[in-house]
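*Asks:* Here is the input, now give the coordinates:
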Amino acid sequence: MLRFREWRYMFALMLPASLPAGPVAIEDLFEQPEVAQIKISPTGDYLAIKVFDDEAHSLLFMKRDTAEPVGSLKYPGTNEVGNFYWANRERVVAEIYEVGLWQEAPRYLGELFAINFDGSRPELVFGYRSGEYQTGSVLTKKSSDYAWAEVIDPFPADDREILISSTSMSASHGERSVAVMLDIYSGMEKARKHASTFPGGRFLTDGDGRIRLATGLDEDRTLHVEGLPEGAEEWVQFPGTGFGSNFNPIAIAEDMNSVYVTDNIETDTIGLFKLSLDGLKHKKIYSNDTVDITDVQLSTDGRSVYAMRIDRNYPSYLVFSSAHEEAKVFKSLLETFPGRTVDITSRSDDGRFWVVHTSADVDPGTFYLFDRDANTLRSLSRSLPKIASDELSAVEPIEFETFDGRKITGYFTRAKAAGDATAPMVVLVHGGPRMRDYWRYDPEVQALATHGFSVLQINYRGSEGFGEDFLRAGNLHWGDTVQQDIIAGTRWAIENDMASEGRVCIMGSSFGAYSALQSAILAPGLFACAVANAGIYDLELLYEEGDVEQMYWGDAYLEEVIGRDREQLRAFSPVNAIAALDAPVFIAHGKRDKRAPYEHAQRLRKELDRHDKPYEWFVKGREGHGFYNTENQVEFMKAALAFLEEHLPEPGPE
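*Replies:* This is a model prediction of the structure:
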């Protein structure tokens with residue numbers, strides 16, 4: 001049984017949270033949620049709860065009706081629980097994440113652990129240490145699996161076996177994947193079902209558990225897809241014209257002869273399509289003219305598609321299969337929680353009990369238990385119970401026309417205590433660049449907004465979510481037009497009285513840190529300061545160091561997004577233009593960063609010293625790409641806020 005805080009969790013689940021009065025503390029905004037995930041058992045009798053305590057994630061099992069703890073899973077040492085699945089009515093399979101002595105962020109190294117809800121029959125069933133844990137009995141001794149496991153299908157109706165993808169370990173991730181049946185009690189591999197033709201393989205099963213689709217990626221990032229049509233004995237390779245450039249298989253359709261995918265077949269934006277399993281026919285179900293589908297709602301068994309989420313500004317949902325049982329429940333939940341994101345995490349097999357998660361810009365998230373028979377909804381746990389929604393600042397969508405007429409969207413969060421006054425503003429640039437900002441709770445945004453700064457977020461060209469043309473417009477233009485979008489958005493905000501000239505700073509992590517430096521160099525006088533965390537500052541170095549270059553497809557990706565023109569790479573690298581920088585810089589980095597190696601920060605610091613430019617230095621020895629440790633996050637945020645306050649002047653007289 002768990003000894004850490006188990007009664008605290010029991011009462012947290014049963015009673016409404018009491019919220020303290022007073023301003024939001026930075027520590028509370030960045031706190032790890034005490035409850036990270038909740039899933040109900042197939043019988044509906046038990047809840048598996050992923051909790052955070054003692055600096056690690058563990059599993060706690062409770063009775064649904066009384067919240068009485070009945071079992072637990074807490075890995076020894078620096079191991080912690082990752083994703084988990086109910087594999088049958090009594091047993092859960094969980095990933096093992098490791099925290100090394102040399103780094104803060106946990107890593108998944110492919111191991112799977114299985115345990116019953118009452119804490120009995122614990123077994124390491126897959127991974128490089130699994131042979132060490134074999135107990136013997138009548139089974140042949142199990143050897144260690146030097147591979148990464150990914151659960152393909154937990155087969156809840158099968159009492160002993162699940163289907164996993166096994167991929168041999170390699171630094172480049174360039175190994176082929178094999179679909180394997182795994183005994184969740186003994187850890188023995190029962191049968192190999194299918195191998196991907198190329199590395200990076202993914203597999204989809206149909207309603208009967210048969211593998212019907214497999215994908216792989218070769219080293220030039222060309223996607224290969226093969227399907228097994230109903231009644232066919234041989235797999236069929238999809239023609240290259242049978243899918244678009246954003247092919248993502250979701251689920252085998254109910255007809256057993258086609259697959260639901262999100263893709264951009266004959267469209268610019270990513271929509272939902274239905275493809276035949278020979279790749280020769282497709283049918284468009286839905287696409288939006290301006291934005292990609294953000295997400296597809298799958299039934300909890302992963303067999304059916306019933307809704308989609310769209311994010312042009314606020315999240316919106318399209319429920320297109322109202323006859324489906326989960327679609328009806330989902331639609332009623334959307335009506336119950338208007339203006340919020342909604343996700344069904346799990347349900348009981350009889351369809352009575354459902355675990356639901358909701359969130360919003362001013363709510364980090366809340367778990368609920370829905371009893372369909374009684375038509376009741378009970379709050380289970382709030383992600384960050386110390387924070388009250390009315391203490392936070394609302395996030396508002398914005399849209400402007402950039403320097404060349406292209407429409408750009410983003411979000412503006414007004415400083416909480418600003419009232420009618422114009423507060424100093426921070427342009428917070430997202431990373432990627434193939435990511436985007438969403439309307440959601442963001443601790444960094446709220447830390448700035450609740451401590452005196454308005455926040456502008458810009459989905460510049462090259463961001464995902466707005467179609468292929470918009471995404472590819474960022475290729476080979478990291479250092480010019482991408483930054484011009486950020487600069488144009490900043491000037492637009494000033495013109496529209498969201499900020500005052502001379503009282504704007506720019507801030508970001510990863511690509512956002514690169515943009516903070518590059519935009520400040522391209523627009524002298526626009527930004528009073530720059531905060532850069534885990535940034536890349538020398539584009540040529542990306543071909544020499546870091547995990548992107550080491551990956552199987554790494555060179556192909558870099559050639560696509562930044563090219564190999566050395567003159568342009570140097571021109572687009574902030575380290576080569578520090579003489580033009582007129583803003584003081586706050587540099588933060590982790591020494592264990594593999595994505596943007598520490599060498600980037602060192603080269604930037606050398607150039608700042610050489611040109612006698614002012615800067616502050618914030619480095620953590622065990623952190624990787626961005627700060628994971630909560631104490632480090634809080635320390636960084638407090639130091640960044642102090643830096644912003646120092647360099648953003650008070651408003652002058654009217």
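*Asks:* any idea how far residue 343 is from the residue lying closest to residue 329 once chain neighbours are set aside?
*Replies:* Distances taken as C-beta to C-beta, 6 or more residues apart in numbering place residue 354 nearest to residue 329, at 6.2 Å, with adjacent residues excluded. C-beta coordinates here come from the backbone N, C-alpha and C atoms, glycine included. Distance, residue 354 to residue 343, using C-beta to C-beta, to the nearest Å: 11 Å.
*Asks:* Over to residue 602?
*Replies:* 42 Å.
*Asks:* Secondary structure element holding the residue nearest to residue 329?
*Replies:* strand 353-360 (DSSP states H and E).
*Asks:* next one: residue 57
*Replies:* Residue 57 belongs to strand 56-63, assigned by DSSP H and E.
*Asks:* follow-up on the earlier one: list the contacts for the residue nearest to residue 329?
*Replies:* 40, 329, 344, 346-348, 369-370, 372 (C-beta atoms under 8 Å, 6 or more residues apart in numbering).
*Asks:* Mind jotting down where the strands sit in the stretch 251-400 of the chain?
*Replies:* 258-263, 271-276, 282-286, 293-298, 305-311, 315-319, 341-347, 353-360, 363-371, 376-382, 395-401 (DSSP state E, counting those that start in this stretch).
*Asks:* helices or strands next to the fifth one in the packing?
*Replies:* The criterion is 3 or more C-beta pairs under 8 Å, 6 or more residues apart in numbering; DSSP states H and E, and the helices and strands that strand 305-311 contacts are strand 293-298, strand 315-319, helix 325-336.
*Asks:* try the first one
*Replies:* Judged by 3+ C-beta pairs under 8 Å, 6+ apart, the packing partners of strand 258-263 are strand 248-252, strand 271-276, strand 293-298.
*Asks:* and the shortest one, how far from the chain's centre?
*Replies:* By that I understand strand 248-252. Relative to the chain's own centre, strand 248-252 is displaced by 19 Å; criterion: C-alpha atoms, centre = their mean, to the nearest Å.
*Asks:* circling back: could you check the angle strand 315-319 makes with the strand holding residue 354?
*Replies:* 150 degrees (axes from the mean of the first three to the mean of the last three C-alpha atoms, to 10 degrees).
*Asks:* what pLDDT, on average, does strand 353-360 get?
*Replies:* For strand 353-360, mean pLDDT is 97.
*Asks:* Output that strand as CSV, restricted to C-alpha atoms.
*Replies:* C-alpha atoms of strand 353-360 as CSV (Å, rounded to 0.1, in the frame of the first residue of the first chain):
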residue,chain,number,x,y,z
PHE,A,353,-19.3,5.4,-15.5
TRP,A,354,-17.1,7.8,-17.4
VAL,A,355,-14.0,9.8,-16.4
VAL,A,356,-13.9,13.3,-18.0
HIS,A,357,-11.3,15.9,-18.0
THR,A,358,-12.0,19.6,-18.7
SER,A,359,-9.8,22.7,-18.9
ALA,A,360,-9.8,26.3,-20.0
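*Asks:* partner strands of that strand, parallel or antiparallel?
*Replies:* Under the criterion DSSP bridges, strand 353-360 sits next to strand 341-347 (antiparallel), strand 363-371 (antiparallel) in its sheet.
*Asks:* Okay, angle between that strand and strand 376-382 too, please.
*Replies:* 60 degrees.
*Asks:* What residues of strand 353-360 count as buried?
*Replies:* Using 16 or more other C-beta atoms under 10 Å as the test for burial, strand 353-360 gives 353-360.
*Asks:* what do you get for stretch 467-474?
*Replies:* Neighbour count says stretch 467-474 has 467-468, 470-471, 473-474 buried, by 16+ other C-beta under 10 Å.
*Asks:* Of the residues you listed, which belong to helices?
*Replies:* 468, 470-471 (DSSP state H).
*Asks:* who are the neighbours in contact with the closest residue to residue 647 other than its chain neighbours?
*Replies:* Distances taken as C-beta to C-beta, 6+ apart place residue 529 nearest to residue 647, at 3.8 Å, with adjacent residues excluded. By C-beta under 8 Å, 6+ apart, the contact list for residue 529 reads 505-506, 583-586, 643-644, 647-648.
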